[in-house]
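>>> Quick one: sequence plus predicted model below, questions after.
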Amino acid sequence: MRRPALTLLAASLMLVYGFAGATDAPTTIPAAAVQTAEQLRDKALHDDTAYTTVEALTTEIGSRLAGGVNDQRAREWAIARFKALGFDKVYTEPVTYPLWVRRSEHGAIVAPFPQPLTLTALGYSPGTPKGGLTAEVMPFASLDALKAADPATVKGKIVYIGFRMHRTKDGRDYDLGSGIRMQGPVVAMGKGAAGFLLRSAGTDASSRTPHTGLTGFTDPAKSIPAAALSNPDADQLERVLAYGKPVTVKLDLDCGIEGQYTGYNVIGDLVGRKYPDQVVAIGGHLDSWDPGTGAIDDGAGVAIALGAAKLIHDLPQRPDRTVRVIAFANEEMGLWGGRAYADKHAAAVGSFQLGSESDLGAAPVWQMSASVKPQARGAIEQIAKVLQPIGVAYDAKQPGGGGSDLSQMHRKGMAALTLAQDATYYFDWHHTANDTLDKIDPKQLAQNVAVYAVFSYMAAQADGDFGSAPGAFAHDGAEE
Ligand code: ZN
Ligand code: ZN
């Protein structure tokens, strides 16, 4: 019975996946590569390349607002670092975007109880008129409540949304918090509001540090001043509102878009021995918001990828395929580096073996999921087996989105992983002055390096591919 059953299975596979050929053979990872990957994993746990990298980046450069004073310094720093780590090729690719500048930001309750407010302007917010913008506050509990509001109740006012994020391992509340930050200002403007405030999209309850981040504004001519209050300041505003009297707030923001800027993605290749044109892509984004030093977002991501590549570099010989580290430009203001990269390389997406970017801090990876062709599931399970002893669970049901910037290559058809980090505390510090090196535990960072070294190496050594092709994963549900 066995033989006919296999024939039937083969026939049905041919129906589902087209004519059977060499590419329909299951992708596997040779035993020798699995063994080397286990050694890489164990070595990574005691390697400090990633930590010393993020330490140097945040100490020697600090904050890296896209197009700001540190943009070029950070890029030159990254090029020098890539070269020092021994990449075979180090190069850059241009990324052009609107230049947003932040100069100063102040806020205050004017009436009924005058007092200052701690706030920060949001990305692409225009400045207020000279002398500031003073208007009555119109509060809402949610974005939906604002969407449902009669424009007459909003016109000329400063809209405030008070949604509070809570800590979870998967950071799911950020979808809601960042959704309010992105869409809230646009919806408020559409209803004729004069300004927009939100409770910071962050999970710290008692730190007077507002969380900055992007708005959904795309046209400077169609935007209103928008800012985030720290959580304690949002509490205070809500207490004042609870008196039931009209509350007037003054915003004084000096910021806005000033022309265009051309930055660069910084790229390093360990050139593959057998298939130099086939690429495993890993990375992080080099830019950060300006209040902190960009340690967890996303100095850690760049450092994790560099640390992983360094371990692979130090092997006796290069892997079969190229391992590429990309330090993306301007992720924060709208995935500009990722979109530029995907536009440039879309036609070659089939030569991207597998990819994933680290951009959720420096706490351990706890879950892996993948978007790959069915014949490569076995290879993903082989990777999962090497990662299981260091605390990574494999969820075979979820798609893999590739992370922030590399999500754009995934959208073009690159096979991708999602390597979910523990986000429990990430949003306490994210996009604030508290995004500093002390938030990174070197041991946890090293676990991340182990994960990236293992999957990059195993993908680079695989017999077969993971299914990258133009449009291959168009409706896999990966949202990043
Ligand atoms: Zn980031
Ligand atoms: Zn960020």
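Here it is on my side, so go on. Numbers count the residues shown, from 1 in each chain. Ligands and ions are numbered 1, 2, ... in the order given.
>>> Neighbours of D428, how many?
Residue crowding around D428 was assessed by other C-beta atoms under 10 Å; the count is 20. Every residue, glycine included, has its C-beta placed from N, CA and C.
>>> so who does it touch?
By C-beta atoms under 8 Å, 6 or more residues apart in numbering, D428 lies in contact with R167, G202, T203, D204, S207, N434.
>>> what helix or strand does the fifth one sit in?
Taking DSSP states H and E as the definition, one finds S207 inside no helix or strand.
>>> which ones are touching D463?
Contacts of D463 by C-beta under 8 Å, 6+ apart are T27, T28, I29, P30.
>>> re earlier: tell me the most packed of the contacts of D428, by neighbour count.
G202 (28 neighbours).
>>> Take the contacts of D428 and lay them out in CSV including pLDDT, distance to G391 and secondary structure.
Putting these into CSV (pLDDT from 0 to 100; distance: C-beta to C-beta, whole Å; DSSP: H, G, I helix; E, B strand; the rest coil) gives the following:
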residue, pLDDT, distance to G391, secondary structure
R167, 98, 19, coil
G202, 98, 26, coil
T203, 98, 22, coil
D204, 97, 26, coil
S207, 96, 29, coil
N434, 98, 26, coil
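>>> out of those, what pair is the most spread apart?
Maximum pairwise distance in the contacts of D428, criterion C-beta to C-beta, is 14.8 Å, between R167 and N434.
>>> all strands for the chain, in order.
Using DSSP state E, the strands found in the chain span residues 89-111, 115-117, 119-121, 133-140, 158-161, 195-199, 226-229, 248-270, 275-285, 321-328, 352-357, 365-371, 393-394, 416-421.
>>> Whichever residue of the stretch 101-250 of the chain sits closest to ligand 1 and L57, how far apart?
Residue nearest to ligand 1 within the stretch 101-250 of the chain: G213 (10.0 Å; C-beta to the ion). Per C-beta to C-beta, to the nearest Å, G213 is found 21 Å from L57.
>>> Ok, Q447 next?
Relative to L57, Q447 is positioned 20 Å away (C-beta to C-beta).
>>> Next: H166.
Counting by C-beta to C-beta - H166 and L57 are separated by 31 Å.
>>> just F328 next, same as before
14 Å.
>>> which of the two has more neighbours?
Taking neighbours as other C-beta under 10 Å, F328 and L57 compare with F328 leading, 33 against 27.
>>> quick one: is stretch 295-315 near ligand 1?
Yes - Stretch 295-315 reaches ligand 1 (C-beta under 5 Å from the ion) through D297, D298.
>>> how about the residues of this protein that lie near ligand 1?
Residues of the chain lying near ligand 1 (C-beta under 5 Å from the ion): D297, D298, D359.
>>> For the first one, list the residues it contacts.
By C-beta under 8 Å, 6+ apart, D297 lies in contact with S288, W289, D359, G361, H430, H431, D435.
>>> could you measure it against W366, distance?
If you go by C-beta to C-beta, the gap between D297 and W366 works out to 18 Å.
>>> Would you agree the residue of the stretch 101-250 of the chain closest to ligand 1 is in contact with R181?
Yes - counting by C-beta atoms under 8 Å, G213 does reach R181; the two are 5.2 Å apart.
>>> More neighbours: the two, which one.
More crowded of G213 and R181, by other C-beta under 10 Å: R181, with 29 against 24.
>>> hang on, that one packs against F217?
No - using C-beta under 8 Å, R181 is not in contact with F217, being 11.1 Å away.
>>> Make sure Y124 is actually in contact with L253.
No - applying C-beta under 8 Å, one finds Y124 not in contact with L253, separated by 11.9 Å.
>>> Dump stretch 360-377 to PDB, restricted to CA.
Output in PDB follows, covering the C-alpha atoms of stretch 360-377 (Å, rounded to 0.1, in the frame of the first residue of the first chain):
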ATOM      1  CA  LEU A 360      11.900  45.300  19.100                       C
ATOM      2  CA  GLY A 361      14.700  46.000  21.600                       C
ATOM      3  CA  ALA A 362      17.200  43.700  23.300                       C
ATOM      4  CA  ALA A 363      15.200  41.300  25.400                       C
ATOM      5  CA  PRO A 364      15.300  37.600  24.400                       C
ATOM      6  CA  VAL A 365      13.600  36.100  21.300                       C
ATOM      7  CA  TRP A 366      10.800  33.900  22.600                       C
ATOM      8  CA  GLN A 367       9.000  32.900  19.400                       C
ATOM      9  CA  MET A 368       9.700  32.200  15.800                       C
ATOM     10  CA  SER A 369       7.300  32.100  12.900                       C
ATOM     11  CA  ALA A 370       7.900  31.900   9.100                       C
ATOM     12  CA  SER A 371       6.500  32.700   5.700                       C
ATOM     13  CA  VAL A 372       8.100  30.100   3.400                       C
ATOM     14  CA  LYS A 373       7.100  27.700   0.700                       C
ATOM     15  CA  PRO A 374       5.500  24.400   2.000                       C
ATOM     16  CA  GLN A 375       8.600  22.400   0.900                       C
ATOM     17  CA  ALA A 376      10.800  24.500   3.200                       C
ATOM     18  CA  ARG A 377       8.800  23.900   6.400                       C
END
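>>> quick one: it to chain centroid distance?
Relative to the centre of its chain, stretch 360-377 is centred 15 Å away, using C-alpha atoms, centre = their mean, to the nearest Å.
>>> And stretch 354-364, by the same measure?
8 Å.
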